[in-house]
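Participant: Pasting the sequence and the predicted model now:
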Amino acid sequence: MTARHYDLIVVGLGAMGSAALYQASRRGATALGIDRFDPPHSLGSSHGDTRITRSAIAEGEIYMPFVRRSNEIWRDLEARTGRRLFHESGGLIIGSDSSAAFHFQGDFVETSARIAQKFGIPHEVISADEIIRRFPLLRPRPDERAYYEADAGVLRPERCIETQLELARQAGATIHTGEKVTGYEADASGVTVTTETASYRAAKLILAAGAWIGELLPETHRGGIRVCRQLIHWFEAEDRSAFEPSRFPFVIWIGETLEDFWSVFPAPPLEDGGMDGVKLVTEQYHTSTQPDEVDRVVTAAEKADMYQRLTRPRLKGLRERSLQAEVCLYTLTRDEQFLIDFHPATERVVLASPCSGHGFKHSAAVGQTLAQLALDGGCEFDISAFNLARLRDSA
Ligand SMILES: Cc1cc2nc3c(=O)[nH]c(=O)nc-3n(C[C@H](O)[C@H](O)[C@H](O)COP(=O)(O)OP(=O)(O)OC[C@H]3O[C@@H](n4cnc5c(N)ncnc54)[C@H](O)[C@@H]3O)c2cc1C
């Protein structure tokens, strides 16, 4: 039987891949999306109910067009579907002179304010006293200060992925889930993609495999990609409504060491599908893992550390009762910048991943960029810093 020849195949239908499939399908491309699981799922990097989004991107000005375009796309998706994808809550980034000393971005509070100033984003820098006055559940130290962006908030990642996949399907895309891609080969007329059960042909291929991207990159360009196990906790609130987005901002709290970096998320209303409890996230970079071997059990000691060491001294209103905890994966390059590029051997294949801890807010526009690269051979935004060459083993 002759297999169907698609314009495009997208491998991996998480944050980046679902967005790419949606964008390509709405442009009229015949597209096949393949995922080894059934997105949205909780085995990769895009689960856990909420993701922070803010407009001043201190990780680098190169990300500014991505977040702006993504915000337009989220709003458009909300209008098309009547679904709520974003909750405005305001957002705080709390730090001090000592936190600036270790953070890889330097003074994240200061850099956020500088970028906000440059791009005309409404913001304030407020003192510890002012933080307490406005947000009495928080207990900063006297030497801490915060960047505050009132229009910032949280996205609902599972809903964003589900919505984009649904709209892609409505625009004609074919979606295969529970099918693992094992290889691909480009030739003069197209690309053959092989899975555990079948093979498919397309003119172009996008690889958006998240933490599994290493398996699909050329062997010469896997250097420096690390996958780090991260923890998401939900602790019981004395009064959960006090943490809803209308009353409580997200908080990125940069302490004095790398182990003292954590975030608190506003809790979307239960009637809007929010998860019970209040979500807290830590970060760690010292231990790497493999996505298929990662320990997915969050231990009692890890829960106690989250509550006793990080939460209790700084946040009121939570009880030491863990309602749920999950493992999530950061995929990191050495310089912590994204990867968006053509395959070094063929422009039929586009690669995307290493989005570290800040990829979701940009993902709608990353998907659009991937679709442009695949369908047009180039893209609107500057992606020069996201090149694959820097991952060469010898680089
Ligand atoms: C705990 C945590 C908190 C975060 N907080 C924020 C935040 O607040 N704000 C923010 O902007 N970002 C945040 N991020 C980062 C952001 O969530 C990620 O950058 C983004 O979700 C990554 O999307 P992805 O598409 O690359 O990966 P994923 O969504 O994991 O998608 C990859 C997909 O590829 C599939 N796949 C892999 N291999 C194959 C194969 N061989 N065949 C078929 N399918 C395959 C997988 O099943 C998966 O569905 C956070 C991440 C974590 C872990």
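Facilitator: All right, it came through fine.

Participant: From here on, just use CA atoms for contacts and neighbour counts.
Facilitator: Will do.

Participant: Low-confidence ranges, this structure, go.
Facilitator: 1-3, 100-105, 394-395 (pLDDT under 70).

Participant: So in it, which helix runs the longest?
Facilitator: Criterion DSSP state H: the longest helix present in the chain is helix 64-81.

Participant: Which residues does the helix or strand following that one contact?
Facilitator: Counting by DSSP states H and E, the element after helix 64-81 in chain order, helix or strand, is strand 86-88. Where contact means Cα atoms under 8 Å, 6 or more residues apart in numbering, the residues beyond strand 86-88 that reach it are 74, 151-156, 245-246, 268.

Participant: List the neighbouring strands of strand 86-88 plus their orientation.
Facilitator: Partner strands for strand 86-88, per DSSP bridges, with pairing direction: strand 153-155 (antiparallel).

Participant: ok and whatever helix or strand comes next after the partner strand relative to helix 64-81, angle-wise?
Facilitator: Towards the C-terminus, the helix or strand next in line after strand 153-155, according to DSSP H and E, is helix 157-170. Per axes from the mean of the first three to the mean of the last three Cα atoms, to 10 degrees, the angle that helix 157-170 makes with helix 64-81 is 70 degrees.

Participant: For helix 157-170, name the packing helices and strands.
Facilitator: Packing partners of helix 157-170 (3 or more Cα pairs under 8 Å, 6 or more residues apart in numbering; DSSP states H and E): helix 15-26, helix 64-81.

Participant: Give me the next element, helix or strand, following the first one.
Facilitator: Beyond helix 15-26 in the direction of the C-terminus, DSSP H and E gives the next helix or strand as strand 31-34.

Participant: by contact count, what packs against that next one?
Facilitator: For strand 31-34, the elements it packs on are strand 5-11, helix 15-26, strand 174-176, judged by 3+ Cα pairs under 8 Å, 6+ apart.

Participant: Give me the distance between Leu323 and Lys303.
Facilitator: When distance is defined by Cα to Cα, to the nearest Å, Leu323 is 10 Å away from Lys303.

Participant: quick one: common contacting residues for those two?
Facilitator: Contact criterion Cα under 8 Å, 6+ apart; residues shared by Leu323 and Lys303: His233.

Participant: More neighbours: the two, which one.
Facilitator: The neighbour count for Leu323 versus Lys303, taken as other Cα atoms under 10 Å, is higher for Lys303 (21 against 15).

Participant: So which residues make contact with the helix or strand encompassing that one?
Facilitator: Following DSSP H and E, one finds Lys303 within helix 300-304. Contacts of helix 300-304 with the rest of the structure, by Cα under 8 Å, 6+ apart, involve 233, 320, 322.

Participant: most neighbours, which of those residues?
Facilitator: With neighbours set by other Cα under 10 Å, the maximum within these is found at His233, which has 24 neighbours.

Participant: could you say which helix or strand contains that one?
Facilitator: Under DSSP H and E, the secondary-structure element containing His233 is strand 226-237.

Participant: by contact count, what packs against that strand?
Facilitator: Where contact means 3+ Cα pairs under 8 Å, 6+ apart, strand 226-237 is packed against strand 278-282, strand 288-289, strand 318-332.

Participant: near the ligand at all, that strand?
Facilitator: Yes. With Cα under 6 Å from any ligand atom as the threshold, strand 226-237 lies in contact with the ligand, specifically through 230-232.
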